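1. output the structure for:
(chains A and B)
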There are 2 protein chains.
Amino acid sequence: MARFSVTYWLGAAEATEALQRAGDVALEQTVEIPRDIVPAGYVEDEILGRVEDVRPASDGRGGFFADISYSDDDVGGDFLQLLNVVFGNSALKTETRVEAMTLTEAIGAICPGPQYGNAGLRQRTGQSSGPILMSAIKPVGLSTRELADLAHQFALGGMDMIKDDHGLANQDTSPFPERLKACVEAVGEANRKSGHNAIYVPNITGPANQVLDNAFEAQEAGAGAVMLAPALVGLDVARRLSADPSFTLPIVSHPTFGGANIITPTTGFSHGFYFGLLSRLMGVDAVVYPNFGGRFGFSKVECRSIADHCSMPFGSLKPILPAPGGGMKLESVPAMREVYGNDVIYLVGGALLREKSDLPGACRRLIEAVRP
Amino acid sequence: MARFSVTYWLGAAEATEALQRAGDVALEQTVEIPRDIVPAGYVEDEILGRVEDVRPASDGRGGFFADISYSDDDVGGDFLQLLNVVFGNSALKTETRVEAMTLTEAIGAICPGPQYGNAGLRQRTGQSSGPILMSAIKPVGLSTRELADLAHQFALGGMDMIKDDHGLANQDTSPFPERLKACVEAVGEANRKSGHNAIYVPNITGPANQVLDNAFEAQEAGAGAVMLAPALVGLDVARRLSADPSFTLPIVSHPTFGGANIITPTTGFSHGFYFGLLSRLMGVDAVVYPNFGGRFGFSKVECRSIADHCSMPFGSLKPILPAPGGGMKLESVPAMREVYGNDVIYLVGGALLREKSDLPGACRRLIEAVRP
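-> The predicted structure follows:
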């Protein structure tokens, strides 16, 4: 069977230690029994992870990169088992980080990838070039009427995408079905006035037996995309939706609750892998993450790496759009333009809501700065 | 509305910094807009997180504890939104860790907790006192016949619970429905011979649209419990099952892929919260995690803290059983007995499989050491 390869960073001091640790990962991620009792034949030859290469990390941080290959047979056509092989128990180890992977045809069959991606999102929003603008209706606690009014004003002001705050679930102040209907109507009405093509992006994150239904409910109600939090709803939900021909909306992912996977430099995933490659495997079209210079600690380099991994060649999976957010202001635009160029969604929330007396005007000033 | 409180550890140097950071968390976890534009009235008075107390951390590690209270209205009856409030975006911050929480009646209604817990698992396995013994059939790549044969021998040897390896999904070598049927039969046959009451615990982790079905399929086929990996399938699956009166099996959770949430001391969750309290909120009856002294880096103190959080008073949620595993050997028994006492499931895999020529004999020797 075909084999795919995962590149791990290992915080080892010496090559011999790195080689030993790579062998441990290969064992842990596949057979999970001591090396000397791995059954000879098929299990040892095919199923057992294979250390293909170990070399000093080339990017100055010390440690080593190890390429380990796994068989399509380890995965058995199941996306969560693929992730389990890539980084299951080894996620419990320090000084071990996932950096890159290759794909096989079998993985392509499990993960057809984003239905829309960068090009599709541009078609859907009518922004053929330049950054796309997204805002969020919030806070939790506002009534459906108030939230729909915000959505209406954002759309009137020319924002391309208007998403739910990720904390908007099914609270009594604005139950999901009621908010969905009201915001689709409010954005549609603004579009009729403005001639724009803004889309409403409801948060479908919800109970295990309801999240897929929420997605289709959003589609039927006329939403333009859906947003979900993979770390909460599980990592197969977006993939399942993107692989379903009857589901025809773009998917936006939100990073809430998943932070520990990337915020320490020697554990979890590289920023590029977690937000870029993993999102594309999941079939996500746009990935929200904290921008540099805002309330979170991501660096410019980390953010640029996320954007790179959103668009670099990765099997036949479409390039997607990075959607940095978290404290972005009008003054941030020049620095962001330098880092991201045109293939980006600017997610701006609080800075616009501050100018509540003329929200459409605030949107227009932002758009003018972003797409002069 | 009633309010619940979450205790965060904040790695701040000074009290004023800790207070500032606590205020940031309260804002981030609820309204996610700048403090000065939080709408007066209901949103500010009820929805906004409230810093109740900030004090130096009492356990010698430096930094501060902050208690922040949130309204039941923030949650709106949705478990994932509860987790979003407890640690959504703040999971993206370093020097911020979740340590404890209190419950309200409304949370109790969302999270009825484990159906079985410690007492129920003992009843189900017939082990009224002393440690329970669990083993795993593996590796991936063995045929269903070979895996079922292992299950049979473990059961004959007196193991109480026999679980799938967490890497066993739906591979061609042993598809889920085939393995389920064969292992239920193999364990049942061994029970008839031995007079014991061993239970088979299939891994139901799988596609988003199938995982709940897998659980009920396991129940109908006669499995004795189910195992799932919350970090992969999503954090609501176990809760959904445990809250469903028509689902009547104990739930075992596996830590794969979730490691980054606990392995660095200043981010994510404390070991006790993540494996103990969160598992109980999810309705998990037994929680697998890496034992001290094995292949992973958990300390004795961290492991004891997990066990404590499995049984400490926590609303009306039943005490559950810690299931430490990962490289446990016969020689580890005295040290484990000292740390865990009787309320524990010993998960022993590789060390038994090493003695393949007489697996039941190896099981009996282990049991003799564990329950002399």
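
2. tell me where the stretch 201-350 of chain A has helices.
-> Along the stretch 201-350 of chain A, counting by DSSP state H, counting those that start in this stretch, helices occupy A:211-221, A:230-233, A:237-242, A:271, A:278-282, A:300-311, A:333-340, A:350-353.

3. residues in contact with the shortest one?
-> Put plainly, it is helix A:271. Helix A:271 is contacted from outside by A:Ile262, A:Tyr289, A:Phe298, A:Glu302, A:Cys303, A:Ser305, A:Ile306, A:His309, using Cβ atoms under 8 Å, 6 or more residues apart in numbering or on different chains. Placement of C-beta: from N, CA and C, glycine included.

4. just give me how far it sits from the chain centre.
-> Its chain's C-alpha centre and that of helix A:271 lie 11 Å apart, by Cα atoms, centre = their mean, to the nearest Å.

5. try the third one
-> Using Cα atoms, centre = their mean, we find the averaged C-alpha position of helix A:237-242 to lie 12 Å away from the chain's own average C-alpha position.

6. any idea which helix or strand in chain A has the lowest mean pLDDT?
-> helix A:350-353 (a mean of 90; mean pLDDT, DSSP states H and E).

7. look up how far A:Arg122 lies from A:Ala223.
-> Between A:Ala223 and A:Arg122 the computed distance is 18 Å (Cβ to Cβ, to the nearest Å).

8. ok, those two, which is more surrounded?
-> More crowded of A:Ala223 and A:Arg122, by other Cβ atoms under 10 Å in any protein chain shown: A:Ala223, with 24 against 18.

9. that one and chain B, how far apart?
-> A:Ala223 sits 19 Å away from chain B, taking Cβ to the nearest Cβ, to the nearest Å as the criterion.

10. surely that residue meets A:Ile199?
-> Yes - contact criterion Cβ atoms under 8 Å: A:Ala223 and A:Ile199 qualify, at 7.4 Å.

11. so what does the longest helix anywhere in chain A touch, helix or strand wise?
-> In chain A, taking DSSP state H as the definition, the longest helix is helix A:176-194. If contacts are counted by 3 or more Cβ pairs under 8 Å, 6 or more residues apart in numbering or on different chains; DSSP states H and E, helix A:176-194 sits against helix A:144-156, strand A:161-164, strand A:199-201, helix A:211-221.

12. returning to that earlier point: need the helices of the stretch 201-350 of chain A in JSON lines (columns: distance to A:Val54).
-> What follows is those, written out as JSON lines (distance: least, Cβ to Cβ, whole Å):
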{"stretch": "helix A:211-221", "distance to A:Val54": "40"}
{"stretch": "helix A:230-233", "distance to A:Val54": "31"}
{"stretch": "helix A:237-242", "distance to A:Val54": "31"}
{"stretch": "helix A:271", "distance to A:Val54": "23"}
{"stretch": "helix A:278-282", "distance to A:Val54": "24"}
{"stretch": "helix A:300-311", "distance to A:Val54": "23"}
{"stretch": "helix A:333-340", "distance to A:Val54": "33"}
{"stretch": "helix A:350-353", "distance to A:Val54": "46"}
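
13. redo those helices as CSV? Include mean neighbour count.
-> Below are those laid out as CSV (neighbours: other Cβ atoms under 10 Å in any protein chain shown):
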stretch, mean neighbour count
helix A:211-221, 18
helix A:230-233, 26
helix A:237-242, 25
helix A:271, 23
helix A:278-282, 27
helix A:300-311, 20
helix A:333-340, 15
helix A:350-353, 22
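
14. out of these, which comes closest to B:Val43?
-> With Cβ to Cβ as the criterion, B:Val43 lies closest to helix A:350-353 of those, at 12.0 Å.

15. and the residue of chain A closest to chain B?
-> Nearest residue of chain A to chain B, counting by Cβ to the nearest Cβ: A:Gly234, 2.6 Å away.

16. and the closest residue to that residue other than its chain neighbours, what does it touch?
-> Nearest non-adjacent residue to A:Gly234, counting by Cβ to Cβ, 6 or more residues apart in numbering or on different chains: B:Gly234, 2.6 Å away. For B:Gly234, the contact set (Cβ under 8 Å, 6+ apart) comprises A:Ala208, A:Val211, A:Leu232, A:Val233, A:Gly234, A:Leu235, A:Asp236, A:Val237, B:Leu80, B:Ala208.

17. tell me the two of these that are most distant?
-> Taking Cβ to Cβ as the measure, those span a maximum distance of 14.9 Å, between A:Asp236 and B:Leu80.

18. need the next SSE after whichever strand or helix holds A:Ala22, C-terminal direction.
-> Taking DSSP states H and E as the definition, A:Ala22 sits inside helix A:15-28. Next along the chain after helix A:15-28, taking DSSP H and E as the criterion, comes helix A:42.
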